[in-house]
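# Requesting a structural model of the entry that follows:
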Amino acid sequence: MIAIVLLSAAGTLAAWGQSADSGRGLRTSMPETYVTKHQLLVFPFGALSRDHNFEYQPANFRIGSDQDFRGHLRTSEAQLFLAYGITD
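All right, here's what the predicted structure looks like:
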């Protein structure tokens, strides 16, 4: 187990010391994500959130009273990240 941890730490340090021209490709806006020449990167993402005890106040939306209300909140989110390496 100790050997695995040490080998993984050595690999991480070696990767950290590499320069931008080390062959990992072009850095994207996603952390630690690179794209190389003629590589297509597709990253779909989705999230759903529900809160059955959401507290809100209509005055925060510049309508109604200052009274607190509770309600159900449902939100959804969908994103698609696309990248293509045209050149190296």
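# Nearest residue to the most centrally placed residue in the chain in space, please, no chain neighbours.
Centroid-nearest residue in the chain: residue 30, 6.8 Å away (criterion: C-alpha atoms, centre = their mean). In space, and not counting its chain neighbours, residue 30 is closest to residue 81: 6.4 Å by C-beta to C-beta, 6 or more residues apart in numbering. (C-beta placed from N, C-alpha, C; glycine too.)
# give the contact list for that neighbour.
Going by C-beta atoms under 8 Å, 6 or more residues apart in numbering, residue 81 touches 28, 30, 41-45.
# which other helices and strands contact the helix or strand in which residue 44 is found?
In this structure, residue 44 is located in strand 40-56 according to DSSP states H and E. Applying 3 or more C-beta pairs under 8 Å, 6 or more residues apart in numbering; DSSP states H and E, we find strand 40-56 packed against strand 69-84.
# Direction included, what does the strand it packs on pair against?
strand 40-56 (antiparallel) (DSSP bridges).
# what's in contact with the strand it pairs with?
28, 30, 33, 35, 68-84.
# out of these, which are buried?
Among the contacts of strand 40-56, those buried by neighbour count (16 or more other C-beta atoms under 10 Å) are 35, 83.
# from what I can see residue 83 touches residue 35, true?
Yes: between residue 83 and residue 35 there is a contact under C-beta atoms under 8 Å: 4.6 Å.
# Need the overlap of contacts for these two.
Counting by C-beta under 8 Å, 6+ apart, the shared contacts of residue 83 and residue 35 are 28, 41.
# CA atoms of stretch 80-88 as PDB?
Below are the C-alpha coordinates for stretch 80-88, written out as PDB (Å, rounded to 0.1, in the frame of the first residue of the first chain):
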ATOM      1  CA  LEU A  80     -22.300  20.400 -23.100                       C
ATOM      2  CA  PHE A  81     -18.600  21.100 -23.400                       C
ATOM      3  CA  LEU A  82     -17.100  20.500 -26.800                       C
ATOM      4  CA  ALA A  83     -13.500  20.900 -27.900                       C
ATOM      5  CA  TYR A  84     -11.500  20.000 -31.000                       C
ATOM      6  CA  GLY A  85      -7.800  20.200 -31.500                       C
ATOM      7  CA  ILE A  86      -7.300  21.800 -34.900                       C
ATOM      8  CA  THR A  87      -3.500  22.100 -34.600                       C
ATOM      9  CA  ASP A  88      -0.900  21.100 -32.000                       C
END
